[in-house]
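*Asks:* sequence and predicted structure, then a few things I'm wondering about:
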Amino acid sequence: MQNTPLGSRALIWVVALITVLPFLLALLTSFKTQMELFQGVFTLPGSLNVKNYITAWQQGHFNVYFLNSVLVVIPVVACSIFLGILAGFGFAWLKIPGKKVIAAMFALGMVLPGEAFIIPLYHELRWMGLTNTYLALIIPQIALSLPFTTLMIASAFQQVPKELVEAAVMDGASRVKILWGLLVPAIGQTLSTLALLLFIWTWNEFLMPLILVNKDELRTLPIGMMLFQNRNTIDIPVLMAGAMIVILPLMAVFLLFQRKFISGVTEGAVK
């Protein structure tokens, strides 16, 4: 950063300020009263008023929506990574008939928008009796995550030196031991990055919970926030408190794993 030209550093700070400022304003607003809000957008709140958060948590049923989001995110991330490891190992190291065709189908699945298949998906899940269940939120998101997960893990596996794998084979190690004892620990940074991305995508998913679930007790935070916004268009501080309840878990997880995320993103480029 010290060798960065002054103009570039100034541009970085301007972009960072433009990015962070809306979030800071929303955070400050969530602690204000209505009277303090009328005094100006940039005025500081007189105190850290958590009453807005309590009101949003109780009136907006965010306790239910928050739990539902957690119950959906954890199995989606865990199952997607587990299945992606198995599929990625096959793509990277095993001879699979039609591997290129399957990879092309995976790539196609990554670019198809959800709007293109949400209606057939709804009718299929309805025929299976899975609408208005947690499985309706979990299984499709695992399926949608698999193409990206598989190709990313397969690419990471291919970065592992072949000499290590060949040495393990010469020592008589089984495929299971090579996969879980050698390859998986070698791509730990990539798996951490992948888990963070899957967490963010699943947490923010809006379309499938909106279409596949219509019971209030099964809705996730993005849908709950939309309904809460429709009911609270006047009380802006409470509305911002609800938005912070949705956003802050993402911020906390990202800040907690930001170093691993950056390392995972740059790892492939360095190699």
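*Replies:* Perfect, thanks for sending it.
*Asks:* which ones are touching the residue nearest to residue 239 when sequence neighbours are not counted?
*Replies:* Ranked by CB to CB, 6 or more residues apart in numbering and with sequence neighbours excluded, the top spatial neighbour of residue 239 is residue 232, at 5.0 Å. Yep, even glycine has a C-beta here, placed from its N, CA and C like the rest. Residue 232 is in contact with 60, 238, 239, 242, counting by CB atoms under 8 Å, 6 or more residues apart in numbering.
*Asks:* now, which of those sits nearest residue 11?
*Replies:* residue 239 (33.0 Å; CB to CB).
*Asks:* just for the stretch 101-250 of the chain, where's the confidence low?
*Replies:* When the per-residue scores of the stretch 101-250 of the chain are filtered using pLDDT under 70, the ranges that remain are 233.
*Asks:* can you pull out the strands in it?
*Replies:* Ranges of strands within the stretch 101-250 of the chain: none, based on DSSP state E, counting those that start in this stretch.
*Asks:* leaving out sequence neighbours, find the closest residue to residue 184.
*Replies:* Spatial nearest neighbour of residue 184, excluding adjacent residues (CB to CB, 6+ apart): residue 85 at 6.3 Å.
*Asks:* that older thread, adding distance to residue 37, write the contacts of residue 232 out as a markdown table.
*Replies:* What follows is these, written out as a markdown table (distance: CB to CB, whole Å):
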| residue | distance to residue 37 |
| --- | --- |
| 60 | 19 |
| 238 | 11 |
| 239 | 11 |
| 242 | 15 |
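*Asks:* which of those residues count as buried?
*Replies:* In terms of neighbour count (16 or more other CB atoms under 10 Å), the buried residues within the contacts of residue 232 are 60, 238, 239, 242.
*Asks:* show me which pair in these is furthest apart.
*Replies:* Taking CB to CB as the measure, the buried ones among the contacts of residue 232 span a maximum distance of 9.3 Å, between 60 and 239.
*Asks:* who touches both of the two?
*Replies:* Taking CB under 8 Å, 6+ apart as the contact criterion, the residues that touch both residue 60 and residue 239 are 228, 232.
*Asks:* thinking again about what came up before, quick one: the residue nearest to residue 184 and residue 153 touch, right?
*Replies:* Yes: under the contact definition of CB atoms under 8 Å, residue 85 touches residue 153, with a separation of 5.8 Å.
*Asks:* between those two, who's got more neighbours?
*Replies:* Between residue 85 and residue 153, counted using other CB atoms under 10 Å, residue 153 has the larger neighbour count: 26 against 23.
*Asks:* assign the nearest residue to that one once chain neighbours are set aside to helix, strand or coil.
*Replies:* Leaving aside its chain neighbours, residue 153 sits nearest to residue 88 (3.2 Å; criterion: CB to CB, 6+ apart). Here residue 88 takes the helix state, with states given by DSSP: H, G, I helix; E, B strand; the rest coil.
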